[in-house]
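> show me the folded form of this:
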Amino acid sequence: MRMLISFAALFFSVVLLQLSSGGVGPLDVLSGIALGFSRQEIGMLGSAHFFGFFIGCWFAPRLLGSVGHSRAFAAFTAAGSIGLIAHMMVINPYAWALMRVASGLCVAGCYTVVEAWLQAKVTNETRGRAMGTYRMVDMTGSLAAQGIIGILAPADYISYNILAILCCAALLPITLTTVTQPETPKSPRLRPMLAYVRSPLAVAGVIVAALSSASFRMVGPIYGQEVGLSAGQIAWFLAAFVVGGALAQIPVGWIADKFDRRKVLIWLSVAAIFSCFVTMQTAGLGLYGILFSSALFGLTTFPIYSVAAAHAHDFASSDERVELSAALMFWFAMGAIAAPYGASVLIENYGPQALFIMLAAGHTSLIVFGIVRMRTGRTVRRRTHYINALRTSFVIGRLTGRSRDKPPHD
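This next block holds a predicted model:
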């Protein structure tokens, strides 16, 4: 309990950051529609966010080593706040894309600081409880961020100012805490090919996970608007996706520790394809049908990243865990950069159903590749422990590396 209380400032900052950064994506979509942006321009904003996220993951550990935790956190929140406040000063999709790069940079940088702080303070005895609480706080903030969309007016100064205020407020807990700042950790080397060498299927899995998550989060509001949802209903639509993903983690984790993870990935993709077609069929059945399909989509797609990561770690040694986690994050970022723009182009040309046709095609590719990889006859040397892998920063590998070395659930 004393440990969790000492982390209260960090966790409070995470919630405020999630409210701000999690709200800007859907708000930008609704604002872009109201301002007459094309579907491609709106998709470009989502891609720009993940481009900034990738830059932040790479740059944040280096800045952290130069100026320390609190100053680095302040610098990244300042970048995010500037991007938010500037939205209504320049009504131009390309200018907004630069602002979204700043928001992605802010998210990656701030999570790097928080996770580096946690890593320095936890012990092997407290790691599991600290990470469990951290995941719960992060998920709660993400869920609340979707709900805030229902009360923010699109293309309005006040809406973006509220998000900027929340971003600035995230500064207060972490900069005013009396807890001693930890020493600066060394940044992991970025070796993208390490993930491919250890498991090509894991790389394919995290790319498809990025395709699903980034497209739904950044372009999903376009789909919601096209099928007749109001802003408040779009908030519920996105929240149902998060809830479905949260509910899936425990049962999928048990299954992934019990059975061949390649088969788990394949069957998750089969279920994801089914959920895509359910979503297309329930578009005309009213709000509850759409919410059910959104939750089902989250249930089937959210755990794919964690299963793929666990599969990759099965073939890695303990001293490779941090760099392997960073490599998997790299491939996720690459997929997430491309996905929103590609999805928006398809929606523009072929209608809202094209989003889920694209996602179904991506999961079909993963099924085919998974079957091909199973034919190689490769065996696992030692099964690692499944964990709910957060896609937050390259530093997350330091927090989860040793947890993976625990034996799987019996």
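
> average pLDDT for the host helix or strand of residue 15?
Element membership for residue 15, per DSSP states H and E: helix 8-35. Averaged across helix 8-35, pLDDT comes to 90.

> next, the buried residues of it.
9-33, 35 (16 or more other C-beta atoms under 10 Å). C-betas here are computed from N, CA, C, even on glycine.

> buried residues, stretch 330-347. List them.
By neighbour count on 16+ other C-beta under 10 Å, the buried set for stretch 330-347 is 330-347.

> how far does that stretch sit from the chain's center?
13 Å (C-alpha atoms, centre = their mean, to the nearest Å).

> ok, residues contacting it?
Contacts made with stretch 330-347 from outside it, assessed by C-beta atoms under 8 Å, 6 or more residues apart in numbering, are listed as 39-47, 50-51, 53-54, 57, 190, 192, 195, 203, 206-211, 213-215, 218-219, 222-223, 226, 305, 354-355, 357-358, 391.

> hmm, residue 69 and residue 175 touching each other?
No. With contact defined as C-beta atoms under 8 Å, residue 175 does not count as touching residue 69 (9.5 Å).

> quick one: the helices in the stretch 201-350 of the chain?
All helices of the stretch 201-350 of the chain, identified by DSSP state H, counting those that start in this stretch, fall at 231-258, 261-281, 287-301, 304-313, 321-350.

> work out for me the element the nearest residue to residue 53 once chain neighbours are set aside sits within.
Closest residue to residue 53 apart from its sequence neighbours, by C-beta to C-beta, 6 or more residues apart in numbering: residue 104 at 3.8 Å. Secondary structure assignment for residue 104, by DSSP H and E: helix 93-121.

> what angle do that helix and helix 321-350 make?
Angle between the axes of helix 93-121 and helix 321-350 is 160 degrees (criterion: axes from the mean of the first three to the mean of the last three C-alpha atoms, to 10 degrees).

> lowest-confidence helix or strand of this protein?
In the chain, no helix or strand scores lower on mean pLDDT, DSSP states H and E than helix 2-6, which sits at a mean of 61.

> neighbour-wise, which of residue 175 and residue 69 wins?
Between residue 175 and residue 69, counting by other C-beta atoms under 10 Å, residue 69 is the more crowded of the two (21 against 15).

> quick check: the more buried one vs residue 129, distance?
22 Å (C-beta to C-beta, to the nearest Å).

> filter the contacts of stretch 330-347 down to the buried ones.
39-47, 50-51, 53-54, 57, 195, 203, 206-211, 213-215, 218-219, 222-223, 226, 305, 354-355, 358, 391.

> right, and residue 261 touches residue 311 too?
Yes. Using C-beta under 8 Å, residue 261 is in contact with residue 311, at 4.2 Å.

> hmm, back to that, which helices and strands sit right next to the helix or strand just after the helix holding residue 104?
Where DSSP H and E defines the elements, the next helix or strand beyond helix 93-121 is helix 127-147. Packed against helix 127-147 by the contact rule (3 or more C-beta pairs under 8 Å, 6 or more residues apart in numbering; DSSP states H and E) you find helix 2-6, helix 8-35, helix 93-121, helix 231-258, helix 396-404.

> burial of residue 89, as a residue count?
10.

> brain fart, residue 164
Neighbours of residue 164 (other C-beta under 10 Å): 21.

> got a list of what the residue nearest to it when sequence neighbours are not counted touches?
Spatially, and ignoring its direct neighbours in sequence, residue 164 is nearest to residue 84 (4.0 Å; C-beta to C-beta, 6+ apart). By C-beta under 8 Å, 6+ apart, the contact list for residue 84 reads 20, 24, 99, 103, 160, 161, 163, 164, 167.

> and the closest residue to the last one other than its chain neighbours, what is it in contact with?
Read that as residue 167. Among residues not flanking residue 167 along the chain, residue 20 sits closest, at 4.0 Å (C-beta to C-beta, 6+ apart). Contact partners of residue 20, counting by C-beta under 8 Å, 6+ apart, are 80, 84, 145, 163, 164, 166, 167, 170.

> and the third one, how far from residue 315?
Applying C-beta to C-beta, one obtains 35 Å for the distance of residue 145 from residue 315.

> between these two, which has more neighbouring residues?
residue 145 (26 against 18).

> any idea how far the closest residue in space to that one that isn't next to it in sequence is from residue 67?
Excluding the flanking residues, the one nearest residue 145 by C-beta to C-beta, 6+ apart is residue 22, at 2.7 Å. Distance, residue 22 to residue 67, by C-beta to C-beta: 26 Å.

> same thing with residue 293?
As judged by C-beta to C-beta, residue 293 and residue 67 stand 46 Å apart.

> neighbour count winner among these two?
Set residue 293 next to residue 67 and count neighbours by other C-beta under 10 Å: residue 293 wins out with 25 against 13.

> show me the contacts for the more buried one.
275, 278, 279, 282 are the contacts of residue 293 under C-beta under 8 Å, 6+ apart.

> do residue 110 as well
So residue 110 contacts 13, 17, 73, 76, 77, 80, 170 (C-beta under 8 Å, 6+ apart).
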